[in-house]
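*Asks:* Give me the fold of what follows.
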Amino acid sequence: MYLPQRPKNLGEILEDVRMVGKMTKKEEEAYKLVTQMESRIKAVIDKTEGLERKPRVFYIALHEPIWSIGSGTFSNDLIEKAGGKNIFQDVTGSKTIDIEMIAERNPEVIIARSGSFEWAKEEPRLAVTEAGRNDRVYPIRVELVGRPGPSIVDALEWFAYFVHPEIFSKPEGD
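*Replies:* Below is the predicted model of the structure:
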């Protein structure tokens, strides 16, 4: 029996969608879905891959304790493909983070899963960061970014908008 590992990037998520299509004998539908997903991913990458400026991004998965993500995660891949630089890229996987480390690394953009957004907006120690001072703290629905499936492309489009609002329009939906 096939037991998937947690995907580490968008490419692995696309492979998982293909695998589910094969397992459920819905290969044609999975092929169409993956093709649509690839097209949307490419549209983002086409705008971000040549950018010289990559804002420092902090992604908050949870806030009690503070959990963030590092390299080897699909959330890190979202940040990179959206044209940002993860401030915890030197960490592997998901880890608890001290708030002092966040302030020291001074993110320009903070993206918080829906349950942690209010905390991130109100936390005085984050208010001193460039993201806090410039009102660049954004919510992302856990349904988009928490599940490694087709909605991950919606998350990518939101990340791209948050990181580079000067080149991306606000995505449709909430």
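*Asks:* What's the local residue count around Thr24?
*Replies:* 10 (other C-beta atoms under 10 Å). (C-beta placed from N, C-alpha, C; glycine too.)
*Asks:* Quick check: the gap between it and Phe168.
*Replies:* For Thr24, the distance to Phe168 (C-beta to C-beta, to the nearest Å) stands at 34 Å.
*Asks:* what's next to the longest helix along the chain, contact-wise?
*Replies:* Determined from DSSP state H, the single longest helix within the chain is helix 27-48. The contact list for helix 27-48 (C-beta atoms under 8 Å, 6 or more residues apart in numbering) reads 10, 14, 17-18, 20-22, 81-83, 150, 153, 156-157, 160, 164, 167-168.
*Asks:* 7 Å - rerun?
*Replies:* With contacts defined as C-beta atoms under 7 Å, 6 or more residues apart in numbering, helix 27-48 is touched by 10, 14, 17-18, 20-21, 81-83, 150, 153, 156-157, 160, 164, 167.
*Asks:* moving C-terminal of it, what's the next helix or strand?
*Replies:* Of the helices and strands lying after helix 27-48 in sequence (DSSP states H and E), the nearest is strand 56-60.
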